[in-house]
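Visitor: here are the coordinates; sequence isn't available:
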């Protein structure tokens, strides 16, 4: 004889456990960069030959990849009267109305891991329990805040050094917007992007522009489908070679593209995402107002990828600072020097104003205790 039990009229709510209501999550990085790096024992070659320098900034694989994010972990309890055969939808958003929610559907267990949340951001979440297609219970709404530590690493299994340029603070209560510009290693020569990696970049991040900084002798080709993503190959040179005429023209071209409204979200990359992409990230961040200690930290974070250390006390970084110093007045900050360099390169002030208007946002105030 088969036995079955009628579903209770009121099975009770889903009880949310983690993150607790009002909590701040642990840092969203597996391996934070906690101390400044010592400069490498040997710098790049001093020869003037371009071929020698090009060979130097093609890095070699050197170690395990620590440029990986940590997920936010969610846990909840099933309704008291319904413990089996349930499926769950985790609903997550940036406002209490969940007006533009992200949904993790059809979970078989009362737990989930979610990657790639913005740092230092309030999130709201709830869970709906279903028997088949029928919703039978739901949770109350909870709110939590993600940790403020940077960077926002992105998990793309076949690439390294993938991270958001957003989150860095700017004087005046502003920060760089998250979710607009990413940087990474290349994706189709030494790292072959899989279907999962493409799905993360296209569907989760919504990348619309692939900005490839590799040179013609590196056989640069698109790694993302052309019907979804615009491909721009604009080779630049790193560090003090931004003074070379071809590099200066290319950087002006890149800044003009960055100021276009249809450019974002964008992914920029070279080989390692550390030297050429690191130089471009430095210039962009400095033009937006990010201060030197954070510029140095962002540069050194590439050391957590598979391509070896990058030190702000190493010869490459110091030579770049020395080159930029010629474009500022005595006593100018590095931000003023970068602005002077960009103006000399042909980047108009209106372009920088559009970038600041589009890429900066107010730092969100922490909620009052009564709001939690």
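Guide: Yep, it's here. From a predicted model like this one, the values you see are computed outputs, not experimental measurements.
Visitor: where's the most centrally placed residue in the chain relative to residue 337, distance?
Guide: For the chain, the residue nearest the mean C-alpha position is residue 164 (1.5 Å; C-alpha atoms, centre = their mean). For residue 164, the distance to residue 337 (C-beta to C-beta, to the nearest Å) stands at 25 Å. No exception for glycine: its C-beta is placed from N, CA and C like everyone else's.
Visitor: name the element residue 251 belongs to?
Guide: Secondary structure assigned from DSSP states H and E places residue 251 in helix 245-258.
Visitor: buried residues in that helix?
Guide: In terms of neighbour count (16 or more other C-beta atoms under 10 Å), helix 245-258 has its buried residues at 247-248, 250-255, 257-258.
Visitor: wait, which of those is closest to residue 189?
Guide: Distance to residue 189 across those (C-beta to C-beta) is lowest for residue 250, with 20.0 Å.
Visitor: Just the element for the nearest residue to that closest one once chain neighbours are set aside, please.
Guide: Ranked by C-beta to C-beta, 6 or more residues apart in numbering and with sequence neighbours excluded, the top spatial neighbour of residue 250 is residue 236, at 4.6 Å. Counting by DSSP H and E, no helix or strand carries residue 236.
Visitor: for residue 336, same thing?
Guide: Using DSSP H and E, residue 336 sits within helix 334-345.
Visitor: what's the angle from that helix to helix 245-258?
Guide: With axes from the mean of the first three to the mean of the last three C-alpha atoms, to 10 degrees defining the directions, helix 334-345 sits at 100 degrees from helix 245-258.
Visitor: so after helix 334-345, what's the next helix or strand?
Guide: Next helix or strand after helix 334-345 toward the C-terminus (DSSP H and E): helix 349-359.
Visitor: Tell me the helix or strand right after that next one.
Guide: For helix 349-359, the succeeding helix or strand toward the C-terminus, using DSSP H and E, is strand 360-362.
Visitor: and that following strand, how far out from the chain's middle?
Guide: Centre-to-centre, strand 360-362 and its host chain are 16 Å apart (C-alpha atoms, centre = their mean, to the nearest Å).
Visitor: what mean pLDDT does it have?
Guide: In this model, strand 360-362 has a mean pLDDT of 97.
Visitor: Same question for stretch 186-202.
Guide: 91.
Visitor: Dig out what residue 92 forms beta bridges with.
Guide: Beta bridges link residue 92 to residue 102, residue 125, judged by DSSP bridges.
Visitor: Could you tell me how far it is located from residue 175?
Guide: For residue 92, the distance to residue 175 - C-beta to C-beta - is 22 Å.
Visitor: same question, residue 82
Guide: On the measure of C-beta to C-beta, residue 82 and residue 175 end up 43 Å apart.
Visitor: Find me the pLDDT at residue 151, would you?
Guide: For residue 151, the pLDDT comes out at 96.
Visitor: just checking, it touches residue 301?
Guide: Yes. Look at residue 151 against residue 301 with C-beta atoms under 8 Å: they come within range, at 5.8 Å.
Visitor: Quickly list what's touching both of those two.
Guide: Common neighbours of residue 151 and residue 301 (criterion: C-beta atoms under 8 Å, 6 or more residues apart in numbering): residue 163.
Visitor: Doesn't residue 175 belong to a strand?
Guide: Yes. Under DSSP: H, G, I helix; E, B strand; the rest coil, residue 175 sits within a strand.
Visitor: Contacts only, for it.
Guide: 166-169, 360-363.
Visitor: can you give me the helices for this protein?
Guide: With DSSP state H as the criterion, the chain has helices at 50-56, 195-199, 245-258, 276-288, 292-300, 315-325, 334-345, 349-359.
Visitor: Between these, which one is closest to residue 76.
Guide: Nearest to residue 76, of all these, is helix 195-199, at 26.3 Å by C-beta to C-beta.
Visitor: what distance separates that closest one from the centre of its chain?
Guide: The answer for helix 195-199 is 17 Å, by C-alpha atoms, centre = their mean.
Visitor: in it, what's buried?
Guide: Within helix 195-199, the residues scored as buried using 16+ other C-beta under 10 Å are 197-198.
Visitor: Next: stretch 179-199.
Guide: So, applying 16+ other C-beta under 10 Å, buried residues of stretch 179-199: 179-188, 190-191, 193, 197-198.
Visitor: any weak-confidence spans in the chain?
Guide: 1-11, 33-61, 81, 83-84, 367-372 (pLDDT under 70).
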